[in-house]
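J.: Provided below are the primary sequence and the corresponding predicted coordinates.
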Amino acid sequence: MTSLIRGLLAATALVSIPFAAHAADVKSVIDGLPADLKAQYDGAPQKALPSAWDNFTPPAKPWKWCHSESYQGNPWRVSVTKELKRLVDGLIAGGTVSSFEVSDSNNDASQQINQIRAFIDKKCSIIT
């Protein structure tokens, strides 16, 4: 799992590097992509702009992981939460994560918004 996190962070860094250029340089970045990737920008309905995450740095480890669930009333949703907890427990054992907290709003959107705000106030490093 640690290699997965490292891979995701590396991919995010690599993706943001080309977009660290100014918006005027974005065209030259797109022109420099391999043909199969460059084709994905042909006729795009929006402009490619620099990433909003260019200067992002994650908080120091260990991270506090908080998971917001909208509903736990069926076996599928319960299984997903249990599997996430199992995976995060591995990160806790490895020292990457310090704790895991779950909220369940029971299909109440206002309550879920308030629970997510509470996660932010609690300084959760990761909110899923």
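T.: Perfect, I can see it now.
J.: doesn't T81 fall inside a helix?
T.: Yes: checked against DSSP: H, G, I helix; E, B strand; the rest coil, T81 lies within a helix.
J.: which residues of this protein score low on pLDDT?
T.: 1-24 (pLDDT under 70).
J.: Which stretches in it count as strands?
T.: For the chain, strands defined by DSSP state E occupy the ranges 63-69, 97-104, 126-127.
J.: Buried deepest among those, which one?
T.: Mean neighbours per residue, mean count of other CB atoms under 10 Å, is largest over the strands of the chain for strand 63-69, with a mean of 20. Placement of C-beta: from N, CA and C, glycine included.
J.: partner strands of that strand, parallel or antiparallel?
T.: strand 97-104 (parallel), strand 126-127 (parallel) (DSSP bridges).
J.: Out of the ones you listed, which is closest to Y41?
T.: With CB to CB as the criterion, Y41 lies closest to strand 126-127 of the strands paired with strand 63-69, at 30.6 Å.
J.: how near is the closest residue to F119 other than its chain neighbours to I127?
T.: By the measure of CB to CB, 6 or more residues apart in numbering, the closest residue to F119 outside its immediate chain neighbours is C66, 4.1 Å from it. Distance of C66 to I127, computed by CB to CB, to the nearest Å: 5 Å.
J.: hey, what's in contact with both of the two?
T.: F119 (CB atoms under 8 Å, 6 or more residues apart in numbering).
J.: can you pull out the helices in this protein?
T.: 2-16, 26-31, 35-38, 75-93, 109-121 (DSSP state H).
J.: wait, which of the ones you listed is closest to K47?
T.: It's helix 26-31; of the helices of the chain, that one is closest to K47 (CB to CB) at 7.6 Å.
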